[in-house]
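what's the 3D shape of this:
(one chain, ligands or ions: 1)
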Amino acid sequence: MGCIASKSAAVEDSREGVAREFTSSSKRATAKMKVSASNSEKRVDGVWGKDKVLDGVDMKASLIDKESSGSMRSSDNKNGRKKKQKPELAVLDHPGVGRVPKALEGEQVVAGWPTWLSSVAGEAIQGWIPRKADTFERFHKIGQGTYSTVYKARDLTDQKIVALKRVRFDNCDAESVKFMAREILVLRRLDHPNVIKLEGLITSQTSRSLYLVFEYMEHDLTGLASSPSINFSEPQVKCYMQQLLSGLDHCHSRGVLHRDIKGSNLLIDNNGILKIADFGLANFIDPHHKVPLTSRVVTLWYRPPELLLGASNYGVAVDLWSTGCILGELYCGRPILPGKTEVEQLHRIFKLCGSPSEDYWRKLRTPHSTVFRPPHHYRQCVAETFKECPSAATRLIETLLSLDPTLRGTATTALKSEFFSSEPLPCDPSSLPKYPPSKEIDTKLWKEASRHGADGGKEQKFRPGGRQEKEPQTFILSKDNADSHISMQQGKRLPNSRSRNEFFNPHREPAFGHLVFPQKQSEDHKETLNYFSGPLYQRPLHSGPLVPGYGYEMAGREAGGRPHVSSKVNLPKLSGLVASRTSLSGDQKENPVPLKPRETIQVQESTNGSESRRRHDKKRHSQTIDPRQIENGKFSTETLIQDGHGSMGNNIYHLSGPLLLSSNNMDQMLKERDRKIQEYSRRARMYKSGEIAHAK
Ligand SMILES: Nc1ncnc2c1ncn2[C@@H]1O[C@H](COP(=O)(O)OP(=O)(O)OP(=O)(O)O)[C@@H](O)[C@H]1O
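Next comes the predicted model:
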């Protein structure tokens, strides 16, 4: 950051009318900040060096000096009352969300940081100087996350292409700022070739928004895997997996759980280097000092059973489960456990991995463990399901998808597995083909285009895998944190929208293995249950993994009716294969037996702080929910339904209710639910693309 400091200090933020030449006093402040930062880093290094993991509590102690912790304590103990923190809040309240001493806070403001940031999350920015907006030239949008919009940009100081992630949060809400700041602190703790590097932060004293500056990555794994023209070879799959596990190994060794490993968060550059990105849900853990964590993390399809069952005492194994799902996906050409609700997800898991043993339930002891015992005994069939894969791959999938988290091993042991030492060996990243830019967002746009493109589209500006470089935008840091949009509407048409439409017609995806009422389900109904019908409190699936290669293409099958899996792993070609689906779901012979919850899932209800968030969300017409807020108990289920996805009354039947109702009612209810979800998805898309804003 030294260079950032010198770069920024020299430039005036004339765009915001804030002439901020650093005075000698601010220079002194900066120098002081650097000293404190290096001191604190030294202390943190000490912790790492000793224990190889970050102890959340120690780290807090190491990052905040005595004076600071004193001031924190006194503020916490206002009026002499000791504020009792929720367990999860206590977790969140350590790294990245601590304050710095008042004096340092003042110095940070002088250095250009806004007060709303330095006053509540000074640690996250300690030792850094904010970059100025006018030192970047912003191009088009390259990613849309639940919590962010990502743009391609050029750093005018060195002409380097970077990615700017504009994070969504409420700068008036200290908790919201703290959640956002945790991502920054986590990123600053990590330094590895397979972990995305945070290069700086853009904001100013008067700004209410914040951009994270990252190295630019051309692709993400979901985008590459779902590109119809890209076939991964087995050495390539091994190469990506090796990099993913190496990055994870680093995170875990530094006490960081990612908690959202999925293809769209695995970015790949033109040299074949894979980097783990999106640490928005990451948290610090200390295996020696366990504190309860929220189970409401990890995108549904990649979420391990213990989290679905409500575990709050978990560790690195959650990331390893997600890694197992990705490995399976890379061989199968589609997500291996695409559940639509938590209950269905769990059921799919048990059908693949077998019913858990008594010992498992005993050890788990979560609130839901008695509720979700499958009435049926399922035998483990991972090996059978993946029998077309090379045996070393099957064994690694089996290990990573162990129901018992302790049997999943670690990233280190996975890296030592036979999968990486058996032929064909992982290839060198530099030997991988160079692909045209491809991201999950492209997949979404293709899909969007195919929906709108059936009318024969007029303009055909959008090129899949070769995004249009738009005119550089004047980059002005907004004073409001509401989304600014670079519309991609104009570029939605595909050169061959018709044939694309065939590939991306969501109605072609059968709702196989549907848990709720497979026998009574009509074909029509199956069609209605497309992948937008995820659980409502979940991140919307249209911004999650977009079913790579799923129903995009009906490829041929081998004579035996099985997907061809060879050393040439044919992701898109395998997609949509009936045989592959059948073998995975095991639904052909056996109708899925619904789990019998004895009661609806009890979701922790707390309205703490939900009001302000609700107001904020309403203000921005946001259709998204931030699990980081759920984590803090800020949202009740009902809040989520009502605020995030529209009111559906007081029922929380989408969680587990359908399993308890008669099928007639269910038919209607699910149709209605799907209709609403479709409607909200559509509105969310319109909102994102700016159409709603224009319309209003
Ligand atoms: N450094 C980068 N280079 C290129 N593209 C990026 C970069 N960082 C993020 N993106 C793109 O932006 C998308 C959203 O970014 P990110 O996942 O960090 O945001 P998020 O709001 O946390 O998303 P999510 O909803 O998936 O959690 C990514 O899927 C990726 O395609």
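
with adjacent residues omitted, what lies nearest to Glu398?
Computed as CB to CB, 6 or more residues apart in numbering, the closest residue to Glu398 that is not its neighbour in sequence is Val382, at 4.7 Å. C-beta: built from backbone N, CA, C; applies to glycine.

wait, doesn't that neighbour sit right on Lys351?
No - if you go by CB atoms under 8 Å, Val382 and Lys351 don't touch, sitting 10.6 Å apart.

can you list the residues of the protein near the ligand?
Residues of the chain lying near the ligand by CB under 6 Å from any ligand atom: 142-143, 145-148, 150, 163, 165, 196, 214-217, 220, 260, 264-265, 267, 277-278, 280, 439-441, 539, 543.

drop anything exposed from these.
Listed as buried from the residues of the chain next to the ligand are 142-143, 145-148, 150, 163, 165, 196, 214-217, 220, 260, 264-265, 267, 277-278, 280, 439-441, 539, 543; burial here means 16 or more other CB atoms under 10 Å.

where along the stretch 51-200 of the chain do the strands fall?
Secondary structure of the stretch 51-200 of the chain by DSSP state E, counting those that start in this stretch: the strands cover 136-144, 148-155, 160-167, 198-202.

neighbouring strands for the second one, and are they parallel or not?
Strand 148-155 has these partner strands in its sheet, going by DSSP bridges: strand 136-144 (antiparallel), strand 160-167 (antiparallel).

present those strands as TSV; the columns should include mean pLDDT and distance to Thr394.
Shown next, in TSV, are these (pLDDT from 0 to 100; distance: least, CB to CB, whole Å):
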stretch	mean pLDDT	distance to Thr394
strand 136-144	93	33
strand 160-167	96	36
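
figure out which of these is closest to Leu187.
Nearest to Leu187 among these is strand 160-167 (10.4 Å), distances taken as CB to CB.

which residues are contacting the closest one?
Outside strand 160-167, the residues within contact range by CB atoms under 8 Å, 6 or more residues apart in numbering are 136, 138, 142-143, 145, 147-155, 180, 183, 199, 202, 209-217, 280, 483-484.

if you set the cut-off to 7 Å instead, what comes out?
The set of residues external to strand 160-167 that reach it, using CB atoms under 7 Å, 6 or more residues apart in numbering, is 136, 138, 142, 147-155, 180, 199, 202, 209-217.

show me where pLDDT drops low in this structure?
Across the chain, the ranges flagged by pLDDT under 70 are 1-98, 367-370, 437-682, 684-696.

now do the domain split for it, please.
Domain segmentation of the chain under the TED database yields 102-215, 219-441.

in CSV: the ones you listed, plus distance to Arg683.
CSV is the format used below for those (distance: least, CB to CB, whole Å):
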stretch, distance to Arg683
domain 102-215, 15
domain 219-441, 19
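
now stretch 347-357 - C-alpha only, CSV.
Presented in CSV, the C-alpha positions along stretch 347-357 are these (Å, rounded to 0.1, in the frame of the first residue of the first chain):
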residue,chain,number,x,y,z
HIS,A,347,-32.7,-35.1,0.7
ARG,A,348,-30.6,-35.0,-2.4
ILE,A,349,-27.5,-35.2,-0.2
PHE,A,350,-28.8,-38.2,1.7
LYS,A,351,-29.7,-40.0,-1.5
LEU,A,352,-26.2,-39.5,-2.9
CYS,A,353,-24.2,-39.9,0.3
GLY,A,354,-26.4,-42.3,2.2
SER,A,355,-28.4,-41.9,5.3
PRO,A,356,-26.3,-40.7,8.2
SER,A,357,-25.5,-43.1,10.9
